[in-house]
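# just a sequence and a predicted model for now, questions to come.
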Amino acid sequence: MNSAILTFESANFGQLEMTSLTEDARWQAVQARDAESDGKFVFAVSSTGVYCRPSCPSKRPRRENVTFYRLPKEAESAGFRACLRCRPQAMSGNPQQEMVKAVCRYIEQRLDESLTLAHLGKEFHQSPFHLQRTFKAVLGITPKEYANSCRMRGFRQKLKAGHSVTRAMHEAGYSSTSRLYSRTASELGMEPAKYRRGAIAAPIRYTFADSPLGRILIAATNKGICSIQFAESDDELEQGLKHEFPYASRRRDDEGMADLTASLMRHMR
Ligand SMILES: [Zn+2]
């Protein structure tokens, strides 16, 4: 995993902000076409049957025709259609996703600590059970697995930079060798030493898919998945793979990887 996750915005608890925004404040934001308010609520217009994000460029409706909803789906269940101009249903601001992004960022900054679910729950004002369930519903993995994948990525980068395996492990937040070696075979898809040489001879197959976090590239050797990356475009993903495995033979194989991709995608939904 890479850039997409590391660029997550800071915590934005849509739900909490909504309760503190008065109707008047929301109406002012709509009149000002305030893009900062996108994601905090949508407004629906009874005369047109359409709902919009606050920054929509369309003509402002009359106040008496406007109703506010916290989430696009609430406006939809009240019978409104999404505006074709501002596409409010695609906006970021789903409180669950925002919370998960905030948890990701929190974890990324504390890879050398052993974070417990109880700790995360307290930090994000949720029960550990609820937090884990929400996290898994959005990303398909648990917070612990996410932390592991971040450490693994850090470890890979350090190896690439020419650090010794021991030092790379230490700097990536792995506190013990056994913890790393129990994962490397399956997660690197090759031995650390080979990985460090840029996987000179390992043939790599890869494919693309759509995920909740954008386009995803999945790459595998015959030992297993060796890279999962997120980015805006397929081009960017291919460049990333080339950069990570400059000497490997890289072959796109949509058909051969269809089963693997489908099972990964099931976890991400
Ligand atoms: Zn609109």
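Cool, the structure landed. Residues are numbered from 1 along each chain as shown.
# contacts, neighbours, all on C-alpha from now
Fine.
# state the mean pLDDT of stretch 250-269.
Stretch 250-269 shows a mean pLDDT of 78.
# give the contact list for Gln97.
By C-alpha atoms under 8 Å, 6 or more residues apart in numbering, the residues touching Gln97 are Val138.
# doesn't it lie inside a strand?
No - read with DSSP: H, G, I helix; E, B strand; the rest coil, Gln97 is helix and lies in no strand.
# what number of residues lie near Thr221?
Thr221 is flanked by 19 other residues according to other C-alpha atoms under 10 Å.
# counting neighbours, what do you get for the nearest residue to it once chain neighbours are set aside?
Closest residue to Thr221 apart from its sequence neighbours, by C-alpha to C-alpha, 6 or more residues apart in numbering: Ile204 at 4.9 Å. Using other C-alpha under 10 Å, Ile204 has 23 neighbouring residues.
# quick check: beta-bridge partners of Ile204?
Arg250 (DSSP bridges).
# correct me, but it touches Ile218?
No - assessed by C-alpha atoms under 8 Å, Ile204 is found out of contact with Ile218, at 10.2 Å.
# picking up where we left off before, which residues touch the residue nearest to Thr221?
Counted by C-alpha under 8 Å, 6+ apart, Ile204 has contacts Ala219, Ala220, Thr221, Asn222, Ala248, Ser249, Arg250, Arg251.
# and the third one, how far from the ion?
It refers to Thr221. Noted for Thr221: a distance of 46 Å to the ion, by C-alpha to the ion, to the nearest Å.
# so what pLDDT did that residue get?
pLDDT recorded at Thr221 is 77.
# any idea how far Asp112 is from it?
Per C-alpha to C-alpha, to the nearest Å, Thr221 is found 29 Å from Asp112.
# just the strands in this structure please.
Along the chain, counting by DSSP state E, strands occupy 42-45, 50-52, 66-69, 81-82, 204-211, 214-221, 224-231, 250-252.
# and these: which comes nearest Glu23?
With C-alpha to C-alpha as the measure, strand 66-69 is the member of the strands of the chain nearest Glu23 (7.8 Å).
# what's that closest one packed up against?
In terms of contacts (3 or more C-alpha pairs under 8 Å, 6 or more residues apart in numbering; DSSP states H and E), strand 66-69 is packed against strand 42-45.
# for the ion, what are the nearby residues on this structure?
Cys52, Cys56, Cys83, Arg85, Cys86 (C-alpha under 5 Å from the ion).
# just put those residues in JSON lines and tack on pLDDT and neighbour count.
Formatted as JSON lines, the residues of the chain next to the ion follow (pLDDT from 0 to 100; neighbours: other C-alpha atoms under 10 Å):
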{"residue": "Cys52", "pLDDT": "93", "neighbour count": "28"}
{"residue": "Cys56", "pLDDT": "87", "neighbour count": "22"}
{"residue": "Cys83", "pLDDT": "86", "neighbour count": "18"}
{"residue": "Arg85", "pLDDT": "80", "neighbour count": "11"}
{"residue": "Cys86", "pLDDT": "79", "neighbour count": "17"}
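# bridging residues for the closest residue to Arg70 other than its chain neighbours?
Counting by C-alpha to C-alpha, 6+ apart, Arg70 lies nearest to Phe41, which is 4.3 Å off, once chain neighbours are set aside. Beta-bridge pairing for Phe41 (DSSP bridges): Asp38.
# how many neighbours does the residue nearest to Thr134 when sequence neighbours are not counted have?
Spatial nearest neighbour of Thr134, chain neighbours left out: Gln96 (6.8 Å); criterion: C-alpha to C-alpha, 6+ apart. Residues near Gln96, counting by other C-alpha under 10 Å, number 18.
# next: the one 10 residues further on.
In terms of burial, Tyr106 registers 17 neighbours under the definition other C-alpha under 10 Å.
# ok, Gln31 to Phe41 distance?
14 Å.
# if I pick Pro88, what's in contact with it?
Applying C-alpha under 8 Å, 6+ apart, the residues near Pro88 are Val42, Tyr51, Cys52, Arg53, Pro72, Ala82.
# per-residue confidence at Pro128?
92.
# could you pull out the helices in the stretch 51-200 of the chain for me?
72-77, 95-108, 117-123, 128-139, 143-160, 165-171, 177-188, 192-196 (DSSP state H, counting those that start in this stretch).
# adding distance to Phe135, write the residues of the chain next to the ion out as JSON lines.
Formatted as JSON lines, the residues of the chain next to the ion follow (distance: C-alpha to C-alpha, whole Å):
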{"residue": "Cys52", "distance to Phe135": "28"}
{"residue": "Cys56", "distance to Phe135": "30"}
{"residue": "Cys83", "distance to Phe135": "29"}
{"residue": "Arg85", "distance to Phe135": "31"}
{"residue": "Cys86", "distance to Phe135": "28"}
